[in-house]
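1. Mind folding the following:
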Amino acid sequence: MKVAVLSNIFKEYSNKEVENDLFKVGNLVHEALKKNNHDVEFFDVNEQTFGKLSRANVDIAFNVCERFNGNSFHEPHVAAMLELLDIPYTGSGPLSLALCMNKARVKEIMMHHGIPTPKWQIFYSRNKKLDPDLHFPLIVKPSRMDNSIGISSDAIVRNEKELQSRVGFINRVYNQPALVEEYIRGRDLDVGVLGNGSNLISLPIMEVSFKNLTPDPMRIFSYEAKWDEKSELYKNADYRQPDDIPKYVESKIKRVAAELYRLLDVRDYGRVDIRLSENNIPYVLEMNPNPGISCDCSTPMAAQSIGLEYHEMIQKILDCAIERHNLREKLGPLIEAQQKAEETSYS
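-> The predicted structure follows:
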């Protein structure tokens, strides 16, 4: 099967650590698909990609592109381009990608459907009055950024002065509204989801832990913890599979993740970020369609814990897209040949 991998080669950086990881993911997916005996072509997504793809005669695209000309706001347009070219592809469509980029809209949907999420308010200006229903401490984030950009230890504010300062920073630096949430004391959990429809599964829960640091109830999984290799947070941040969450709470967490995945029409794979409160209420922070799938991300680690090696997880995602696009009949001989080649390579 001929598979196009859509990713980026960055010549200029706005967030170098993030963009290096995005390029790494493109290479990892490319190599995994080759290991699965596919005919694979890598596409650096830019202004020429539309023409190149229209002539490439690929069977399906594996879309891990999160930037266009360095801009994450254009991620939905890459999926839209594939729609215009009538090329089947992995992952979520342009509407879901655009919706999930706007954290406030997602929270409105969650509130409507009774999915727990921290109390929140949008600030277009530092001078806006705080809703009396919100209580300090609060956490202040960009409302439309990904990869924890704009979320540092300074994001937690404890009074009006700190709130105004941080909101002004977000408005000015990121040129977008600030999302202000009540800070939930508790645990950071990731729930990966694979599949579509009745074949959807929630992967084992992964918890962010800081192995050699003194416990701190105000610690967050910040940009530094995710990306800054020089920081102590990064050096000590890790994922683990928690074994102390009650079964009924675990079941609720997975059920909530699957419900939100379906509500937002996320496809093939996704990740839900949750803050589990001290009284075991799972507050959803956000949904990540087409989430990070480098080897040290939580979704591949969770998949590996149920026996899916990295190249097998990539094949699983591809298979989900093949089924969703009803390609089994069209590509039947190619898929059969592919399966035989896989069986031979494993024997």
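2. If you rank every helix and strand of this protein by mean pLDDT, what lands last?
-> Of all the helices and strands that make up the chain, helix 332-346 has the lowest average by mean pLDDT, DSSP states H and E, namely a mean of 59.
3. Quick one: the helices in the stretch 151-300 of the chain, in order.
-> Taking DSSP state H, counting those that start in this stretch to define them, one finds helices in the stretch 151-300 of the chain at 160-174, 223-227, 232-236, 247-263, 298-305.
4. now these as JSON lines including mean pLDDT?
-> Shown next, in JSON lines, are the helices of the stretch 151-300 of the chain (pLDDT from 0 to 100):
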{"stretch": "helix 160-174", "mean pLDDT": "98"}
{"stretch": "helix 223-227", "mean pLDDT": "90"}
{"stretch": "helix 232-236", "mean pLDDT": "92"}
{"stretch": "helix 247-263", "mean pLDDT": "97"}
{"stretch": "helix 298-305", "mean pLDDT": "97"}
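5. Grab the nearest non-local neighbour of residue 135.
-> Beyond its immediate neighbours in the sequence, the residue positioned closest to residue 135 (CB to CB, 6 or more residues apart in numbering) is residue 182, lying 6.3 Å away. Where C-beta positions appear, they are placed from N, C-alpha and C, glycine not excepted.
6. which residues touch that neighbour?
-> The contact partners of residue 182, taken as CB atoms under 8 Å, 6 or more residues apart in numbering, are 118-120, 134-135, 137-139.
7. out of the residues you listed, which are buried?
-> Neighbour counting with 16 or more other CB atoms under 10 Å marks 118-120, 138-139 as buried within the contacts of residue 182.
8. who's in contact with residue 39?
-> The contact partners of residue 39, taken as CB under 8 Å, 6+ apart, are 1-3.
9. Residue 104 belongs to a strand?
-> No: the assignment for residue 104, made by DSSP: H, G, I helix; E, B strand; the rest coil, is helix rather than a strand.
10. returning to that earlier point: ok, and the most crowded of the contacts of residue 39?
-> Looking at the contacts of residue 39 with neighbours defined as other CB atoms under 10 Å, the largest count falls to residue 3 at 22 neighbours.
11. Would you enumerate the residues in contact with the residue nearest in space to the middle of the chain?
-> Most central in the chain under CA atoms, centre = their mean is residue 291, positioned 2.6 Å from the mean C-alpha point. Counting by CB under 8 Å, 6+ apart, residue 291 makes contact with 192, 269-271, 297, 299.
12. Please determine how far it is located from residue 154.
-> To residue 154, residue 291 is 25 Å away according to CB to CB, to the nearest Å.
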